[in-house]
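1. fold the following.
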Amino acid sequence: MTKYNFIRHFTSVLLGSLLCVQAYAQHTTEFLFTETASEPVRKTMQTNAQALFSEINNAYDQKKSSLTLSNSVTEDAKKRIQNLWSTSRFYCTETAITTRVLKSSNGYQVRNIPVFLEEGKTDEDQFQSMVIEFTPNGKISDLYIALEWHQYANIIGNSNDVSDVRHRQMILDLVENFRTAYNSKDMPFLNEIYSEDALIITGKVLTPQKRGDVPTSIDRQKIEYSVQSKKQYLANLSRVFASNSYINVKFDSIVVTQHEGNPNIYGVTLKQHWNSASNSASYSDEGWLFLLIDYEDENNPLIWVRTWQPTKDYNGNSVYYNPEDIFGLGDFKFR
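-> This next block holds a predicted model:
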């Protein structure tokens, strides 16, 4: 490490430590929300957000195993926030946050709430951002882990089609909640979001033994695909959740495509990074994830197809795909 890099690293660590000490010593996070919502609703949102994070910050300090959430949080949101808390306790790293209110598919939201997650294994895992969702009258309806801002902007896009923008906002909400559901082991959400007839395709890397000192075409990595029903997939996933104390799923390289013949059908292709840990071992992988989502019922979107294609083998070697080899909307017929 060069002198410059060492100084930069040391300064970064020091500032991060000071930030944590400051937030950890003062357990109140004050919020100021601007624009979009009316002033009375914004004030209600500010009060509710401050009450929520006062409880979260103090519960973290006191090492509580559960949260006591007020009526400023909907009943469904209480369950999801408790799920997230039980997987990894967290607190807000800022004492004052000023941010713009955004319109969401079911009300309002504020983004980029910086938090520290206790169970994270790296700085990147521990220091993340969250989204607070509000009902139209300012009650908290959800709290979940946010995508990075450039990924948010990529999903929302620059479409002039009002219905498409609305669908893209719903896709953003789904993708972020989908990610958070894996991190918080939220089986009820996953059971609800997958169609009963969902097609689940999972790839596995096969690396044949070399036939000699000189590699041949048969030595190249091959992918074997298996098909599961929703019931089989969720049963296997439930065992994974039970055997791991910590799971962190992250998404990047997100591409959203609307079906040409059915405007209610969207394909979402993204790179998924999975890290998990149990009492005896840790595991990580990455790969291309494709979701085919049906928004015919906008209040109850369904995932009809989920495919997974690994980009690393068990030795950590990269697996390369031609663009046409990655699953997408064109690979599936939908009536």
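2. now T180, what's its secondary structure?
-> State at T180, reduced to three classes by DSSP: H, G, I helix; E, B strand; the rest coil: helix.
3. ok, it - how many residues close by?
-> Around T180 there are 23 other residues, counting by other Cβ atoms under 10 Å. Every C-beta, even on glycine, is put in place using the N, C-alpha and C of the backbone.
4. name all residues that make contact with the closest residue to G328 other than its chain neighbours.
-> With sequence-adjacent residues excluded and distances taken as Cβ to Cβ, 6 or more residues apart in numbering, G328 is closest to G267, at 5.7 Å. Residues in contact with G267, defined by Cβ atoms under 8 Å, 6 or more residues apart in numbering, are 256-257, 259, 290-293, 328-329.
5. so where does G267 fall, helix or strand?
-> G267 belongs to strand 265-277 when assigned by DSSP states H and E.
6. next SSE downstream of that strand?
-> Once the chain leaves strand 265-277, the next helix or strand it forms, by DSSP H and E, is strand 282-294.
7. give the buried residues for that next one.
-> Residues 285-294 are the ones in strand 282-294 that count as buried (16 or more other Cβ atoms under 10 Å).
8. same question for stretch 297-306.
-> Counting neighbours by 16+ other Cβ under 10 Å, stretch 297-306 gives 301-306 as buried.
9. hang on, the earlier thing: just the angle between the strand holding G267 and strand 282-294, please?
-> Using axes from the mean of the first three to the mean of the last three Cα atoms, to 10 degrees, one finds that strand 265-277 and strand 282-294 are set 170 degrees apart in direction.
10. quick one: the strands in the protein?
-> With DSSP state E as the criterion, the chain has strands at 30-34, 90-92, 96-100, 102-104, 107-117, 127-134, 140-145, 194-206, 222-228, 246-258, 265-277, 282-294, 302-310.
11. switch the ones you listed over to a markdown table; also include mean pLDDT and distance to Q50.
-> As requested, these are arranged in a markdown table below (pLDDT from 0 to 100; distance: least, Cβ to Cβ, whole Å):
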| stretch | mean pLDDT | distance to Q50 |
| --- | --- | --- |
| strand 30-34 | 97 | 6 |
| strand 90-92 | 96 | 10 |
| strand 96-100 | 97 | 10 |
| strand 102-104 | 92 | 19 |
| strand 107-117 | 96 | 12 |
| strand 127-134 | 96 | 11 |
| strand 140-145 | 97 | 11 |
| strand 194-206 | 94 | 36 |
| strand 222-228 | 91 | 44 |
| strand 246-258 | 92 | 27 |
| strand 265-277 | 94 | 32 |
| strand 282-294 | 94 | 34 |
| strand 302-310 | 97 | 35 |
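12. relative to R168, which of the ones you listed is closest?
-> Taking Cβ to Cβ as the measure, these were each checked against R168, and strand 246-258 came out nearest at 6.4 Å.
13. hmm, back to that, could the contacts of G267 go into JSON lines alongside distance to A37?
-> Formatted as JSON lines, the entries for the contacts of G267 read as follows, by distance: Cβ to Cβ, whole Å:
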{"residue": "V256", "distance to A37": "26"}
{"residue": "T257", "distance to A37": "32"}
{"residue": "H259", "distance to A37": "33"}
{"residue": "F290", "distance to A37": "35"}
{"residue": "L291", "distance to A37": "31"}
{"residue": "L292", "distance to A37": "34"}
{"residue": "I293", "distance to A37": "28"}
{"residue": "G328", "distance to A37": "37"}
{"residue": "L329", "distance to A37": "35"}
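14. N315: which of the residues you listed is nearest?
-> Comparing those against N315 with Cβ to Cβ picks out F290 as the nearest, at 24.8 Å.
15. V227 pairs with what?
-> With DSSP bridges applied, the residues forming beta bridges to V227 are I201.
16. what about it, how many residues nearby?
-> The number of residues packed near V227 is 11, by other Cβ under 10 Å.
17. check L329 too.
-> The burial metric for L329, expressed as a neighbour count using other Cβ under 10 Å, is 19.
18. can you tell me how far the closest residue in space to it that isn't next to it in sequence is from G157?
-> Closest residue to L329 in three dimensions, ignoring its sequence neighbours and counting by Cβ to Cβ, 6+ apart: G267, at 3.8 Å. Relative to G157, G267 is positioned 14 Å away (Cβ to Cβ, to the nearest Å).
19. compute the number of surrounding residues for the nearest residue to P136 once chain neighbours are set aside.
-> Of all residues not flanking P136 in the chain, G107 sits nearest, at 4.7 Å (Cβ to Cβ, 6+ apart). Neighbour count of G107, defined by other Cβ under 10 Å: 20.
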